[in-house]
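Participant: can't give you the sequence, but here's the structure:
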């Protein structure tokens, strides 16, 4: 079974929910309003983002890396 997490604008959620219910092979629909991220994780992310700002040469550009990876396959 595969699960997906998607983001829908608030004004379209009722339409999307109804659409998903109309598809026969969809087994379950759950609305999850917030994803909990512990404070210590937020602090780690903040530190990594700050490090990336201070030392941009230490990180690869995602678009460039993705393009190179895609070309190598």
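Facilitator: Cool, the structure landed. This one's a predicted model, so the numbers in the text were calculated from it and none came from an experiment.

Participant: Would you mind pulling the contact partners of the helix ranked longest in the chain?
Facilitator: With secondary structure taken from DSSP state H, the chain has its longest helix at helix 39-54. Applying CB atoms under 8 Å, 6 or more residues apart in numbering, the external contacts of helix 39-54 come out as 58, 59. Heads up, the C-betas are built off the backbone N, CA and C, glycines and all.

Participant: Give the residue farthest from the middle of this structure.
Facilitator: residue 24 (26.1 Å; CA atoms, centre = their mean).

Participant: Give me the pLDDT value at it.
Facilitator: At residue 24, the predicted lDDT confidence score is 88.

Participant: same question, residue 8
Facilitator: 85.

Participant: Name the helix or strand for the nearest residue to it once chain neighbours are set aside, please.
Facilitator: Take residue 8 and drop its neighbours on the chain: the residue closest to it by CB to CB, 6 or more residues apart in numbering is residue 16, 4.9 Å away. Using DSSP states H and E, residue 16 falls within helix 13-21.

Participant: ditto for residue 65
Facilitator: Assigned by DSSP H and E, residue 65 falls in helix 62-72.

Participant: buried sites along that helix?
Facilitator: Residues of helix 62-72 classed as buried: none (neighbour count, 16 or more other CB atoms under 10 Å).

Participant: picking up where we left off before, how about the residue farthest from the centre of the chain, secondary structure?
Facilitator: coil (DSSP: H, G, I helix; E, B strand; the rest coil).

Participant: Distance of it relative to residue 6?
Facilitator: Here the distance between residue 24 and residue 6 works out to 19 Å (CB to CB, to the nearest Å).

Participant: Can you pull out the low-pLDDT segments for this structure?
Facilitator: Where the chain drops to pLDDT under 70, the residues are 34.

Participant: repeat that with 90
Facilitator: 1-10, 13-14, 16-18, 20-21, 23-39, 52, 56-62, 73 (pLDDT under 90).

Participant: quick revisit: so what touches the helix holding residue 16?
Facilitator: Taking CB under 8 Å, 6+ apart as the rule, helix 13-21 contacts 8, 26, 29, 31.
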